[in-house]
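[1] The sequence isn't on hand, but the structure is:
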């Protein structure tokens, strides 16, 4: 493909064809499943507490550091993906993730974990935005860009089904120690390097050439500064993912506290993830049928009610609201990304889509530290009721802003018609 990024729609030799599109989608999936194959998922909080001797406050401070790095790295890594290519960004993400888990798995103190979290933030920042841009532009080159939301939802489901297998295997591996699942995931991550080397850079068919860093930054400032819908979606993403993150972190000690054995945590994670894996497919289908905004509103309402249920329900009945939170939060994510992608122009797509992760990190980091300090002093259940009460207030305000914007747009569209009607009557 020439470096001019010229549009290619024909099947001439050397051009990006329908076959290349299908190949990219397959190899991206082969990259994403091993990347997300978190064998350590069911026991990582317990590893930090029992193996490394960290408190909840220390764990949350680590994550504040991680979220701060995400904020700093998202725009530079997004620009890197827009300037050098999506596949190079994904290759870097695979390497950084392997190094991160290696440092974390061999960690002996707090500073080792700090280094691992820094590499982890780099891996996520390199992948965020570049992955969605690769999928969209591959489909666009094949004139299938209208399928973006469904494809992203389906791929999210496949990745979560991989996590089901990882949860079962990780819980079993934890019998040999909390570090064993981490070491095993390092081996699995080698597959991401193979897959990323097989990807082909898709043409950015809407533009003649790749944007310069200055042009990409201007596109970013323009979309964030001028698009109220984009800002509202950013705030929604931050609110929903903050609640989901807190639920995921505190569910391990909560469930162990109500009688679930450590050996069964892997089975629990597998069941919850298997049921939640239906969320992306179901909610992308629902958004195509009823619209994105109603679906996102339903997701936020369900997550809020489930958080309250986590405060109220006894024993292992907690599993039901945990499933609902994961189903709705994971299902809403591809719907949000598709909604944002529709607002993004051709230049700097990976950079602009990375802003979602940056905004989420800016909210999640401080909330985690505050909740960690609180969890060391009060029963964990109180965190869930706080989330359940706060989320409806935030999303309700965002919904009001969205409706107000829609009413202004309708008034602006009707004004010329009313003027024309008045002139005719005159």
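    Here it is on my side, so go on. Bear in mind the structure is a predicted one, so any value in this text is a computation, not a measurement.
[2] What is the least confident helix or strand in the protein?
    Using mean pLDDT, DSSP states H and E, helix 213-226 stands out as the lowest-scoring helix or strand of the chain, at a mean of 66.
[3] Could you point out the helix or strand that follows that one?
    helix 228-257 (DSSP states H and E).
[4] in that following helix, what counts as buried?
    Buried residues in helix 228-257, counted by 16 or more other Cβ atoms under 10 Å: 229-252, 254-255. C-beta coordinates here come from the backbone N, C-alpha and C atoms, glycine included.
[5] Please spell out which residues along stretch 79-89 are buried.
    Under 16+ other Cβ under 10 Å, the buried positions of stretch 79-89 are 79, 80, 81, 82, 83, 85, 86, 87, 88, 89.
[6] now for the helix or strand that contains the second one, which elements pack on it?
    When secondary structure is defined using DSSP H and E, the element that contains residue 80 is helix 56-84. Counting contacts by 3 or more Cβ pairs under 8 Å, 6 or more residues apart in numbering; DSSP states H and E, helix 56-84 packs against helix 86-105, helix 110-127, helix 130-141, helix 213-226, helix 349-375.
[7] List just the one of those that sits closest to residue 189.
    Closest approach to residue 189 among these is made by helix 86-105 (4.8 Å; Cβ to Cβ).
[8] ok, back up a step: among the helices and strands packed on helix 56-84, show me which one is buried the most.
    Neighbour counts (mean count of other Cβ atoms under 10 Å) averaged over each of those peak at helix 130-141, with a mean of 25.
[9] Could you check the angle that helix makes with helix 349-375?
    Calculated by axes from the mean of the first three to the mean of the last three Cα atoms, to 10 degrees, helix 130-141 forms an angle of 150 degrees with helix 349-375.
[10] Report the mean confidence score over helix 130-141.
    Mean pLDDT, helix 130-141: 87.
[11] Identify the residues contacting it?
    With contact meaning Cβ atoms under 8 Å, 6 or more residues apart in numbering, helix 130-141 is reached by 8-9, 16, 20-21, 24-25, 28, 32, 77-78, 81-82, 86-87, 89-90, 93, 145, 147-148, 151-152, 155, 199, 202-206, 337, 341, 349-350, 353.
[12] which is the next helix or strand following it?
    helix 148-173.
[13] Output the contacting helices and strands for that following helix.
    Helix 148-173 packs on helix 18-35, helix 130-141, helix 180-198, helix 262-276, helix 278-290, helix 319-343, going by 3+ Cβ pairs under 8 Å, 6+ apart.
[14] what about 6 Å?
    helix 18-35, helix 180-198, helix 262-276, helix 278-290, helix 319-343 (3 or more Cβ pairs under 6 Å, 6 or more residues apart in numbering; DSSP states H and E).
[15] Next, the angle helix 18-35 makes with it.
    Counting by the same axes, to 10 degrees, helix 148-173 lies at 30 degrees to helix 18-35.
[16] Give me the number of neighbouring residues for residue 29.
    Close neighbours of residue 29, defined as other Cβ atoms under 10 Å, add up to 17.
[17] residues in contact with it?
    With contact taken as Cβ atoms under 6 Å, 6 or more residues apart in numbering, residue 29 is in contact with residue 155.
[18] measure it to residue 195 for me?
    Counting by Cβ to Cβ, to the nearest Å, the gap from residue 29 to residue 195 is 8 Å.
[19] before we move on, what about residue 340?
    25 Å.
[20] now do residue 357
    From residue 357 to residue 195 the distance is 21 Å (Cβ to Cβ).
[21] Could you check the pLDDT of residue 348?
    pLDDT for residue 348: 62.
[22] switch to numbering from 530
    Sure, I'll start counting at 530 from here, so that last one is residue 877.
[23] where in the stretch 780-929 of the chain is pLDDT low?
    791-792, 874-878, 880-881 (pLDDT under 70).
[24] Dump the helices and strands packed on helix 585-613 to TSV, plus distance to residue 856.
    Shown next, in TSV, are the helices and strands packed on helix 585-613 (distance: least, Cβ to Cβ, whole Å):
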stretch	distance to residue 856
helix 615-634	26
helix 639-656	23
helix 659-670	21
helix 742-755	30
helix 878-904	19
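[25] Relative to residue 717, which of the ones you listed is closest?
    Going by Cβ to Cβ, the one of those nearest residue 717 is helix 615-634, 9.8 Å.
[26] From residue 580, how far out is the residue nearest the centre of the chain?
    Among the residues of the chain, the one closest to the centroid is residue 862, at 6.3 Å (Cα atoms, centre = their mean). Relative to residue 580, residue 862 is positioned 31 Å away (Cβ to Cβ).
[27] Could you do residue 638 as well?
    In terms of Cβ to Cβ, residue 638 sits 11 Å off from residue 580.
[28] With neighbour numbers in mind, choose between the two.
    Remark: of residue 638 and residue 580, residue 580 carries more neighbours, 14 against 10, as counted by other Cβ under 10 Å.
[29] Leaving out chain neighbours, which residue sits closest to that one?
    Leaving aside its chain neighbours, residue 580 sits nearest to residue 707 (5.0 Å; criterion: Cβ to Cβ, 6 or more residues apart in numbering).
[30] Check residue 602 too.
    Excluding the flanking residues, the one nearest residue 602 by Cβ to Cβ, 6+ apart is residue 654, at 3.8 Å.
[31] just checking, the one you found touches residue 606?
    Yes: taking Cβ atoms under 6 Å as the definition, residue 654 is a contact partner of residue 606 at 4.3 Å.
[32] what's around residue 859, how many residues?
    23.
[33] what's the spacing between residue 617 and residue 726?
    Distance from residue 617 to residue 726, by Cβ to Cβ: 11 Å.
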